[in-house]
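Novice: Need a 3D model of the sequence below.
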Amino acid sequence: MIRIVFSFVIFLHGLVHLLGFVEEWRLSKAVGILWLIACLLFILSAVTYLSRREWWWMVAAIATVLSQILIIVYWKDARPGTIANFIILIACILSYGSWSFDRMVSDELESFFPEKIEKRVVTAEMIDELPPVVQRWLKRSNILGKEIIQIAHLKQRGEMRIKPEGSWMSVDAVQYISTGPPGFIWKADVKSSLMYFSGRDKYMGGEGQMLIKLFSLIPVVDARGREIDQGALLRYLGEMVWVPSAALSDYIKWEEIDSTTAKATMSYEGIRASGIFKFDENGDFVSFEADRYYYRKEGSTLERWVIIAEKNYKEFEGIRVPTTLSVTWKFETVDFTWYKLEITEIEYGRR
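Specialist: Below you'll find the predicted structure:
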């Protein structure tokens, strides 16, 4: 509804410029044409905004600048149009932020995907040396007889908060996972009642980076370094449940703890970290726990980090994975569940 109303406002604002065209055409055809051009640009802006064209703001910005120049020249009669131009300009700036953020992620994806994908099928012999509990999980995931997953594209929705007593904010996210070499790029749009954030978490070449921008424009978090690298590696390890065949990778070593628990240790690009996987008696994933660095501006601290499956599982392209999960930091004084998510779609093997 908001999109329709705002498109209508832009359209009406454009039509108002026809008055300038009619008035000036008799006195100065050149100036009259400028009013007409501004009118047509605003109408085009309204149409492209309504049809969700990501470049609509470029047209609207040109229209707004041209319109404001004409308004300044004819200030006495045209000055009320400045209000509409200001509102449209703010929308252009916000849309530019989203467009710029999306372009940054698209550029990163160009170098993220492996250049060559080797097709190999998972066989029973390939999992024979793994602990029985891990074998049971992989069989339950239906990976036997299927190609080893090297690329996955996930869509998520959910809610998150930034502090234990904070309000929940809605999240729509996409994530790309590569298993050879290991990595991920996660892009999220986070919205509250008064503001929104764009977030991008990535793990590439053994290095992690967490970037959060208010209104997709103003950086509020830009974290990187050794501790972020460790956290990104552990996130990749824990989210391996969405790409189960990654458990066969040579950078991951398994150790059975008991009939439903196994320890996974991942070593990559000089970083080594471990986590505990818990499964039920059928082999379905239950939880993942690890000691991960929690980012703070005054200095990161090592805290217990837990991913818990909410007992909902679904098959995507024949692969059985958990679809509803929660992510919790277990501090000394409080358990801080900061993210609840649902996987709505997974595509394997396609960029």
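Novice: Make sure Ile177 is actually in contact with Val241.
Specialist: No - with contact defined as CB atoms under 8 Å, Ile177 does not reach Val241; the gap is 11.0 Å. (C-beta placed from N, C-alpha, C; glycine too.)
Novice: so Thr337, which of the three states?
Specialist: At Thr337 the chain is in strand, as set by DSSP: H, G, I helix; E, B strand; the rest coil.
Novice: Show me the residue at the heart of this protein, geometrically.
Specialist: Lys187 (1.5 Å; CA atoms, centre = their mean).
Novice: hang on, the earlier thing: compare Ile177 and Val241 (neighbour count), which wins?
Specialist: Using other CB atoms under 10 Å as the criterion, Ile177 and Val241 rank with Ile177 on top: 25 against 22.
Novice: what residues are up against that one?
Specialist: By CB atoms under 8 Å, 6 or more residues apart in numbering, the contact list for Ile177 reads Ile151, Ala152, His153, Leu154, Gly183, Phe184, Tyr236, Glu239, Trp242, Val243.
Novice: my read is the fourth one is in a strand, agree?
Specialist: Yes - residue assignment for Leu154, taken from three-state DSSP, places it within a strand.
Novice: Quick check: Ala264 is in a helix.
Specialist: No - under the criterion used here (three-state DSSP), Ala264 is strand, not part of a helix.
Novice: My read is that it contacts Arg272, right?
Specialist: No - assessed by CB under 8 Å, Ala264 is found out of contact with Arg272, at 11.6 Å.
Novice: what about the two, which has more around it?
Specialist: Neighbours were tallied for Ala264 and for Arg272 using other CB under 10 Å; the higher tally belongs to Ala264 (21 against 13).
Novice: Report pLDDT for the more buried one.
Specialist: Predicted confidence (pLDDT) for Ala264: 99.
Novice: Which residues are in contact with it?
Specialist: Ala264 makes contact with Leu237, Met240, Ala247, Ile252, Lys253, Trp254, Glu255, Ser274, Gly275, Ile276, Phe277, according to CB under 8 Å, 6+ apart.
Novice: rerun that using 10 Å as the cut-off
Specialist: By CB atoms under 10 Å, 6 or more residues apart in numbering, the contact set of Ala264 is 131, 134, 237-238, 240, 247, 252-255, 273-277, 288, 290.
Novice: Now do the buried residues in the one helix or strand Leu70 maps to.
Specialist: In this structure, Leu70 sits in helix 56-73 according to DSSP states H and E. For helix 56-73, burial by neighbour count (16 or more other CB atoms under 10 Å) applies to 56-64, 66-68, 70-71.
Novice: quick one on the thing from earlier: arrange the contacts of Ile177 in JSON lines, one row each, with neighbour count and distance to Ser326 as further columns.
Specialist: Converted to JSON lines, the contacts of Ile177 look like this (neighbours: other CB atoms under 10 Å; distance: CB to CB, whole Å):
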{"residue": "Ile151", "neighbour count": "19", "distance to Ser326": "26"}
{"residue": "Ala152", "neighbour count": "24", "distance to Ser326": "21"}
{"residue": "His153", "neighbour count": "15", "distance to Ser326": "22"}
{"residue": "Leu154", "neighbour count": "23", "distance to Ser326": "16"}
{"residue": "Gly183", "neighbour count": "23", "distance to Ser326": "24"}
{"residue": "Phe184", "neighbour count": "23", "distance to Ser326": "19"}
{"residue": "Tyr236", "neighbour count": "23", "distance to Ser326": "18"}
{"residue": "Glu239", "neighbour count": "21", "distance to Ser326": "13"}
{"residue": "Trp242", "neighbour count": "24", "distance to Ser326": "15"}
{"residue": "Val243", "neighbour count": "27", "distance to Ser326": "20"}
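Novice: which element follows the helix or strand hosting the residue nearest to the centre of the chain toward the C-terminus?
Specialist: Using DSSP H and E, Lys187 sits within strand 182-191. Later in the chain than strand 182-191, the nearest helix or strand by DSSP H and E is strand 196-204.
Novice: For the stretch 201-350 of the chain, just list every one of the strands.
Specialist: Secondary structure of the stretch 201-350 of the chain (DSSP state E, counting those that start in this stretch): strands at 207-214, 218-224, 252-258, 261-268, 271-279, 285-294, 301-309, 313-316, 319-322, 324-330, 335-348.
Novice: Those strands: which one's closest to Ala232?
Specialist: Closest approach to Ala232 among the strands of the stretch 201-350 of the chain (CB to CB): strand 207-214, 2.7 Å.
Novice: Name every sheet partner of that closest one and say whether each one runs parallel or antiparallel.
Specialist: Strand 207-214 pairs in its sheet with strand 196-204 (antiparallel), strand 218-224 (antiparallel), by DSSP bridges.
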